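Engineer: Mind folding the following:
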Amino acid sequence: MRWNMRIRQIHRWLSIIFTLAVIINIAAMTQTEPAIWVGLLALFPLILLLLSGLYLFALPYLTRAQRG
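Structural biologist: The predicted structure follows:
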């Protein structure tokens, strides 16, 4: 149970980081020539959000399968 709460907390913090990265990306796109790395800035937290979100999505189904 403790592990699940830790994953949820990490997922919450990743969503904040992702939101900030998207805001930075939008601000950088207003510049005349944005750097390539700024476009990729939001990609890393997005991948981690995908993995943690899929785990949290499957968690009720996994626990139900273990019970019955």
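
Engineer: List the buried residues of stretch 6-19.
Structural biologist: By 16 or more other Cβ atoms under 10 Å, the buried positions in stretch 6-19 come out as 11, 14, 17-18. Backbone N, C-alpha and C define where each C-beta goes, glycine included.

Engineer: make that stretch 30-39, sorry
Structural biologist: Neighbour counts over stretch 30-39 (16+ other Cβ under 10 Å) mark residue 38 as buried.

Engineer: and it, how far from the chain's centre?
Structural biologist: Averaged C-alpha coordinates place stretch 30-39 at 22 Å from its chain's average position (Cα atoms, centre = their mean, to the nearest Å).

Engineer: same check, this time on stretch 46-64
Structural biologist: 11 Å.

Engineer: For that stretch, C-alpha coordinates in CSV please.
Structural biologist: What follows is stretch 46-64, C-alpha atoms only, in CSV (Å, rounded to 0.1, in the frame of the first residue of the first chain):
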residue,chain,number,x,y,z
LEU,A,46,5.4,13.1,-20.3
ILE,A,47,6.9,9.6,-20.7
LEU,A,48,7.1,9.2,-16.9
LEU,A,49,3.5,10.5,-16.6
LEU,A,50,2.4,7.9,-19.1
LEU,A,51,4.1,5.0,-17.3
SER,A,52,2.9,6.0,-13.8
GLY,A,53,-0.6,6.8,-15.2
LEU,A,54,-0.9,3.4,-16.8
TYR,A,55,0.2,1.8,-13.6
LEU,A,56,-2.4,3.7,-11.6
PHE,A,57,-5.0,2.9,-14.2
ALA,A,58,-4.3,-0.8,-14.0
LEU,A,59,-4.0,-0.9,-10.2
PRO,A,60,-7.7,-1.6,-9.4
TYR,A,61,-7.9,-4.4,-12.0
LEU,A,62,-4.7,-6.0,-10.7
THR,A,63,-5.8,-6.0,-7.1
ARG,A,64,-9.2,-7.3,-8.1
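
Engineer: The strand or helix carrying residue 19: what's the following helix or strand?
Structural biologist: Using DSSP states H and E, the element containing residue 19 is helix 2-29. The helix or strand immediately downstream of helix 2-29 is helix 36-39, counting by DSSP H and E.
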